[in-house]
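Visitor: Have a look; sequence and predicted model below, questions after that.
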Amino acid sequence: MGRLEGKVAFVTGAGGGIGGEICRQFIAEGARVLAGDIHADLVKAVAETSGERNAIIPLRLDVTDAESVRAGLAHAAEMFGKIDILCNAAGGSTPNDARVTDAPEDEFWRAIRLDLFGTFLVCKYGIPYLQKAGGGSVINFSSMVAVMALTDRDCYTAAKGGVHALTRSMAPEYAPDRIRVNAIAPGLTLSERVRHLVDERAELRKLADQCLLGPCEPIDMAHMAVYLASDESRHTTGQIISVDSGVTIY
């Protein structure tokens with residue numbers, strides 16, 4: 001019997017390297033998954049490689065749009081009968097990010113809308129489904145930039161710092177409903193996109209060299225997500241768990 005047998009997960013950013021691997025590992029452990037992403041073609045590709053095709057519903061989802069989030073959650077509940085897990089993997093930085101005096105204002109609001117507001121919307125409209133199910137798990141995605149200083153990423157740092165704080169404040173608010181709220185803070189993670197960037201950018205190569213156990217892979221985030229989604233973490237809440245190969249201990 002899988003560790004997530006009988007559970008239903010709503011995963012955002014499911015077309016990305018981390019989000020897609022989370023979907024595959026959730027399904028391998030017995031969960032059924034609504035896999036949402038702004039890029040419909042990418043999330044369909046994840047569904048095709050998930051193994052149990054009846055256990056996953058790929059859906060175009062814009063986490064920055066309240067109506068898209070509400071419709072996606074309603075669709076998941078209608079198709080699977082309930083929702084036990086919210087996994088907010090949607091997010092990311094861009095090369096437009098910079099130190100605060102140089103960063104474009106548009107880039108600041110892009111990061112806030114995607115990483116912070118998107119997480120807020122999924123929690124706002126998704127937690128009532130977890131309450132109806134009698135409890136569950138919220139898994140947010142923070143970042144090493146919310147834990148350590150990383151220069152020239154001030155827009156992304158602000159957004160992920162907000163996710164960090166939101167996770168901590170929600171934990172005591174929803175504990176009476178048996179809802180756990182935690183966040184994973186990834187370090188440098190070699191998704192296909194990031195692997196190419198490491199080859200091109202000296203600062204990322206330097207960061208990779210600081211990883212005590214080598215750079216992380218998407219599967220490392222997925223393994224932590226499975227733990228936080230499972231009943232094994234029944235007394236774990238309000239935590240920001242770094243999966244970063246030791247980078248943030250410096």
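Guide: Thanks, I have it.

Visitor: hang on, isn't residue 136 packed against residue 83?
Guide: Yes: if you go by C-beta atoms under 8 Å, residue 136 and residue 83 touch, sitting 7.2 Å apart. Any C-beta I mention is one placed from the backbone N, CA and C, and that applies to glycine too.

Visitor: higher neighbour count, the two?
Guide: residue 136 (27 against 24; other C-beta atoms under 10 Å).

Visitor: The more buried one bridge partners, please.
Guide: residue 179 (DSSP bridges).

Visitor: what sits against it?
Guide: 83, 84, 85, 86, 130, 178, 179, 180 (C-beta atoms under 8 Å, 6 or more residues apart in numbering).

Visitor: So among those, which ones count as buried?
Guide: Applying 16 or more other C-beta atoms under 10 Å to those, the neighbour count classes 83, 84, 85, 86, 130, 179, 180 as buried.

Visitor: Just put those residues in TSV and tack on distance to residue 18 and secondary structure.
Guide: Below are the buried ones among the contacts of residue 136 laid out as TSV (distance: C-beta to C-beta, whole Å; DSSP: H, G, I helix; E, B strand; the rest coil):
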residue	distance to residue 18	secondary structure
83	20	coil
84	20	coil
85	15	strand
86	15	strand
130	22	helix
179	23	strand
180	20	strand
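
Visitor: now those as TSV including pLDDT and distance to residue 155?
Guide: Formatted as TSV, those follow (pLDDT from 0 to 100; distance: C-beta to C-beta, whole Å):
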residue	pLDDT	distance to residue 155
83	98	31
84	98	33
85	98	29
86	99	24
130	98	30
179	98	30
180	98	29
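
Visitor: possible to save those residues as a markdown table with distance to residue 44?
Guide: Listed next are the buried ones among the contacts of residue 136 as a markdown table, based on distance: C-beta to C-beta, whole Å:
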| residue | distance to residue 44 |
| --- | --- |
| 83 | 21 |
| 84 | 24 |
| 85 | 21 |
| 86 | 22 |
| 130 | 27 |
| 179 | 30 |
| 180 | 31 |
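
Visitor: Not counting its own residues, what contacts the one helix or strand residue 158 maps to?
Guide: Assigned by DSSP states H and E, residue 158 belongs to helix 154-174. With contact meaning C-beta under 8 Å, 6+ apart, helix 154-174 is reached by 88, 91, 93, 97-100, 103, 107-108, 110-112, 114-116, 119-120, 123, 127, 130-131, 138, 140-143, 145-147, 150, 180-183, 185, 237-238, 240.
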